[in-house]
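Visitor: Structural data only, the sequence is not supplied:
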């Protein structure tokens, strides 16, 4: 069962994508990024594996993403062939692992036991808790027309939770493709230095 | 009137006033807003009660009103408001959320689909769920 959640605060932003993809699974709209708050998600696409009893068997992690885009030629949008292969292989590896778990359940080598699952949790801090509250208030103020104040709360949320690309990108301007990938995005990516944009997935075969 | 965002949604509190970090709500409305009710033992939710410090009672209770924001922050949970004090959020604290995650029980949520139909994660109990987040941006 796939449950997809769109972190899209602006009404209608997700709609065109859902209508174009025509998914045969549940697609939910999360204007306040509530699921990000609950599961400590900081980027998309991130995912959680949950078993039949409602127990987390793989906590929040990048859903097979590899940050090959960082090696993209920013003028031509071309990605070197070797990097493109790593990106494609990562997706396949993750997808195959997911299928393995769906078929085998706890017998799958990709399903964590409780101790492993807890060890892979990212837990909330006081600052991230306050950041999510500020983000919710900011989005509410934007919706009721208190735009400047709303933007200030969203910016404060990003300051309090700098690891959250979800919060930052939701508050950033978008380009002609409706992506929050203007110059300020690339500056922020470059500022990561050796730090990862997508935290590596702790899974056999995934790029680290 | 004050608008308050909580985990359970957005609610207008008719008797509320909120400025300078104080959010005074009539006792009669504070319980349904926060899930915590004022009793002689303090603020209580089910069996759990949080006592009001005896020398600081006026910070929390005045006549028929409760300072929900002071209580919320005392509990280690963020209470934020806009400049006018007309819009508030009562957020969830780090300790509460972290304890919930460490139980490994997937936190439940209810969200709308594009048609406005509500779905809860718990609706899918009995099936494996691949919960995946994405965004248009």
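Guide: Received it, and whenever you're ready, just let me know what you need. Here the structure is a predicted model, which means the values were calculated and not measured.
Visitor: Name the residue of chain A that lies nearest to chain B.
Guide: Of all residues in chain A, residue A:133 sits closest to chain B, at 3.0 Å by CB to the nearest CB. Where C-beta positions appear, they are placed from N, C-alpha and C, glycine not excepted.
Visitor: So which bits of the one helix or strand that residue maps to are buried?
Guide: Assigned by DSSP states H and E, residue A:133 belongs to helix A:126-143. Counting neighbours by 16 or more other CB atoms under 10 Å in any protein chain shown, one finds that the buried residues in helix A:126-143 are A:128-143.
Visitor: OK, contacts around the residue nearest to residue B:130 when sequence neighbours are not counted?
Guide: Leaving aside its sequence neighbours, residue B:130 sits nearest to residue A:2 (CB to CB, 6 or more residues apart in numbering or on different chains; 5.0 Å). Contact analysis of residue A:2 by CB atoms under 8 Å, 6 or more residues apart in numbering or on different chains lists A:23, A:25, A:26, B:129, B:130, B:132.
Visitor: Show me where the chain has its helices.
Guide: Answering for chain A, as no chain was given. For chain A, applying DSSP state H gives helices covering A:15-21, A:34-39, A:81-104, A:114-119, A:126-143, A:147-160, A:165-171, A:183-190.
Visitor: Correction: the question concerned chain B.
Guide: For chain B, helices defined by DSSP H occupy the ranges B:27-34, B:57-60, B:68-74, B:94-102.
Visitor: need the contact list for the residue of chain A closest to chain B.
Guide: Residue A:133 sits in contact with B:78, B:79, B:80, B:89, B:90, B:91, B:92, where contact means CB under 8 Å, 6+ apart.
Visitor: one more time with 10 Å
Guide: Counting by CB atoms under 10 Å, 6 or more residues apart in numbering or on different chains, residue A:133 makes contact with A:37, A:153, A:156-157, A:160, B:5, B:72, B:77-80, B:88-93.
Visitor: give me every residue that touches the closest residue in space to it that isn't next to it in sequence.
Guide: The shortest distance from residue A:133 to any non-neighbouring residue, by CB to CB, 6+ apart, is to residue B:91 (3.0 Å). Counting by CB under 10 Å, 6+ apart, residue B:91 touches A:37, A:129-137, B:5-7, B:72, B:77-80, B:97.
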